[in-house]
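In: my questions concern the predicted model and sequence given below.
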Amino acid sequence: MYSLINKVKEINPLVLHYTNEVTINDCANITLALGASPLMSFSYEEVEEIVQVASSVVINIGTMKSSNLELFLQAGKMANKYNKPVVLDPVGVFATKTRANFVKRLLNEVRFTAIKGNVAEIKYIGGFDVKGKGVDSFDDDKNIDEAIKKIANKLECVVCATGKVDSVTDGNRIIKIYNGTPKLKYITGTGCMCASLMGSYLGSSDKTLEAISMGIMTMSLCGQLADKENISIGDFKVELMNNIYDLDEEKLNKFGKVEVI
Ligand SMILES: Nc1ncnc2c1ncn2[C@@H]1O[C@H](COP(=O)(O)OP(=O)(O)O)[C@@H](O)[C@H]1O
Ligand SMILES: Cc1ncsc1CCOP(=O)(O)O
Ligand SMILES: [Mg+2]
């Protein structure tokens, strides 16, 4: 699985983002740091054309800007039409009925290759009560394996829940990733950036479960490596980017903590 990082650098996939206005720049930079190419678009005019040249598509509902919502649906449908892998990040889906209804529409009208969210977002989609505020999860991973398997089997896609431990499933196998640091919660966009990394791996490989696991492993491990003693939160963000740029197969083999269930 770890050798997929070399594929990203070889192929330099184009990762097309329809995303929020808070973390868009960080998502572009992390995509570049891994070795892929980012492209962000809010254009109805070019959606069909641009999806055709993309290697993968990321849809993130974070800011729920009303003028973009139909575009996000169209982008997902175009990804299906042109057989491009497409990832959904249902940011804050539990926070309002509006978000929940929009995510329901996306899930009904688009076949996603993968859905990733924090534990509260994923449990909410799985039908569980959750503890969350705004876009942040304060939930634990009780029932998380049940939730991810339920969603994966119902929607026939890979599902990833992020948190202290990250869990990924294709409905059959479950991959647990034990890397990370609580500091990742004190920078906005680490979840959004995971989706960009997932898009980068998906654009370089058709092994979906491995690609999604590598996306989250890359963020969690690089956060862990960046978290040197007494590092300030501003420096931590810079070190996170540096570690993404410097990550290679050797470091993944040395520090990756993965369990396949
Ligand atoms: N308590 C924690 N300990 C270690 N890593 C964490 C913890 N909480 C979140 N992470 C990591 O932070 C990154 C973002 O996850 P998360 O905070 O769940 O997403 P979001 O930013 O979408 O809310 C992931 O790499 C995840 O593994
Ligand atoms: C704070 C905020 N508000 C709308 S989108 C967004 C960013 C969320 O990023 P993440 O899901 O990675 O925490
Ligand atoms: Mg998030």
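Out: Done, it's in. Ligands and ions are numbered 1, 2, ... in the order given.
In: now for the nearest residue to residue 119 once chain neighbours are set aside: which residues touch it?
Out: Once flanking residues are discounted, residue 119 sits nearest to residue 163: 4.3 Å by C-beta to C-beta, 6 or more residues apart in numbering. The C-beta positions use only the backbone N, C-alpha and C, and glycine is treated the same way. Shown in contact with residue 163 (C-beta atoms under 8 Å, 6 or more residues apart in numbering): 118, 119, 137, 139, 140, 141, 144.
In: for the stretch 101-250 of the chain, which residues are neighbours of ligand 3?
Out: residue 191 (C-beta under 5 Å from the ion).
In: picking up where we left off before, of the contacts of residue 163, just the buried ones, PyMOL syntax please.
Out: The PyMOL selection below is limited to those of the contacts of residue 163 classed as buried (16 or more other C-beta atoms under 10 Å):
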select buried, resi 118+119+137+139+141+144
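In: following element in sequence after the longest helix anywhere in the chain, please.
Out: Counting by DSSP state H, the longest helix found in the chain is helix 208-226. Once the chain leaves helix 208-226, the next helix or strand it forms, by DSSP states H and E, is helix 233-246.
In: what's near enough to touch the residue of the stretch 51-200 of the chain found nearest ligand 3?
Out: As assessed by C-beta to the ion, ligand 3 sits closest to residue 191 within the stretch 51-200 of the chain, at 2.8 Å. Residues counted as contacts of residue 191 (C-beta under 8 Å, 6+ apart) are 89, 91, 116, 117, 118, 135, 162.
In: so it belongs to a helix, correct?
Out: Yes: counting by DSSP: H, G, I helix; E, B strand; the rest coil, residue 191 is part of a helix.
In: from residue 248, how far off is it?
Out: Residue 191 is 24 Å from residue 248, where distance means C-beta to C-beta, to the nearest Å.
In: ok, and the closest non-adjacent residue to the residue in the stretch 1-150 of the chain positioned nearest to ligand 1?
Out: Scanning the stretch 1-150 of the chain for the residue nearest ligand 1 gives residue 118, at 3.4 Å (criterion: C-beta to the nearest ligand atom). Counting by C-beta to C-beta, 6+ apart, residue 137 is the residue found nearest to residue 118 once chain neighbours are left out, at 3.8 Å.
In: so that neighbour sits right up against residue 131, yeah?
Out: Yes: when contacts are counted by C-beta atoms under 8 Å, residue 137 is listed as touching residue 131 (7.5 Å).
In: common neighbours of those two, please.
Out: With C-beta under 8 Å, 6+ apart as the test, residue 137 and residue 131 both reach residue 120.
In: contact residues of the chain facing ligand 2?
Out: 20, 22, 23, 62, 63, 91, 135, 188, 189, 190, 191, 192 (C-beta under 6 Å from any ligand atom).
In: now, the most widely separated pair of those?
Out: 63 and 190 (16.8 Å; C-beta to C-beta).
In: quick one: which of those two has more around it?
Out: A side-by-side neighbour count of residue 63 and residue 190, using other C-beta atoms under 10 Å, places residue 190 first with 22 against 16.
In: OK, contacts around the more buried one?
Out: Contact analysis of residue 190 by C-beta under 8 Å, 6+ apart lists 184, 219, 223, 240.
In: at 10 Å what do you get?
Out: 23, 26, 30, 118, 162, 180, 183-184, 219-220, 223, 237, 240 (C-beta atoms under 10 Å, 6 or more residues apart in numbering).
In: next secondary structure element downstream of the helix or strand that contains residue 120?
Out: Element membership for residue 120, per DSSP H and E: helix 119-125. With elements assigned by DSSP H and E, the helix or strand that comes after helix 119-125 is strand 132-133.
In: who are the packing partners of that next one?
Out: helix 119-125 (3 or more C-beta pairs under 10 Å, 6 or more residues apart in numbering; DSSP states H and E).
In: I'm done for today, thanks for sticking with me.
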